[in-house]
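> Would you be able to build a 3D model of this:
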Amino acid sequence: TNSSCYVYSGIASVSIQTTVCTPVTTSEIGNAYIDMFRLKENTLIHLMKNSAYQYSGYSDYTEEAITVNAGTKLQFLARAHQINNQYTPQNVSIWIDINGDNDFTDAGELLFQSSGFQTSATISGEIVLPADVLIGLHRLRLRSRIAPETAAHPCADYESGETEDYLLNIEALPINEASD
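Numbering: from 1, shown residues only. Okay, the predicted model is just below:
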């Protein structure tokens with residue numbers, strides 16, 4: 001793993017991963033990528049930035065943050081495209097780096113995972129941001145993989161698919177909504 005803990009004479013020493021894992025796509029043959037990702041909070045729709053296929057299989061869109069509220073439900077829509085200009089069924093997974101340790105593998109960081117054979121290139125669903133998440137900036141990771149394979153690990157290299165990172169600015173839930 002990328003982190004470890006050693007105890008010497010009652011003193012704990014912890015090393016934390018300081019760079020985010022950047023998985024790659026290992027084959028261009030039949031590769032697919034995410035060509036659209038949208039988040040909706042209440043009536044506000046965030047069309048997330050993304051562009052054309054990246055051969056590396058990883059795209060970093062964290063230069064701008066999208067502001068959302070802790071403890072809220074976000075509807076999402078993701079669409080996958082194949083490099084031969086066809087839409088192809090894919091499975092997607094979504095994580096949030098709740099504690100800022102750059103690994104997306106801690107309890108509660110996996111927010112959504114589709115599985116099995118998807119019959120559509122568009123996947124929609126709902127993710128719930130934890131109410132107790134620390135207020136501030138958090139990386140959101142979206143991964144795709146051609147169905148029926150799942151995008152089960154946030155950092156593993158895959159033969160096909162894409163990983164996209166976005167930045168969420170999580171704010172406290174407004175008082176009038178928190179009391180409901």
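> now the helices for the chain?
175-178 (DSSP state H).
> Tell me the confidence at residue 96?
As summarised for this prediction, residue 96 has a pLDDT of 94.
> Please apply the same query to residue 144.
pLDDT recorded at residue 144 is 85.
> repeat for residue 106
pLDDT for residue 106: 91.
> What degree of burial does it show, as a neighbour count?
12 (other Cβ atoms under 10 Å). From N, CA and C alone the C-beta is placed, and that goes for glycine too.
> show me the residues around it that make contact.
98-99 (Cβ atoms under 8 Å, 6 or more residues apart in numbering).
> likewise residue 80?
Neighbouring residues of residue 80 by Cβ under 8 Å, 6+ apart: 32-35, 87-90, 92, 121-123, 144, 146.
> would a markdown table of those residues with distance to residue 44 and neighbour count be doable?
Shown next, in a markdown table, are those (distance: Cβ to Cβ, whole Å; neighbours: other Cβ atoms under 10 Å):
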| residue | distance to residue 44 | neighbour count |
| --- | --- | --- |
| 32 | 29 | 26 |
| 33 | 26 | 25 |
| 34 | 21 | 24 |
| 35 | 22 | 18 |
| 87 | 27 | 14 |
| 88 | 30 | 20 |
| 89 | 29 | 18 |
| 90 | 26 | 31 |
| 92 | 22 | 26 |
| 121 | 25 | 20 |
| 122 | 20 | 13 |
| 123 | 21 | 21 |
| 144 | 24 | 30 |
| 146 | 31 | 20 |
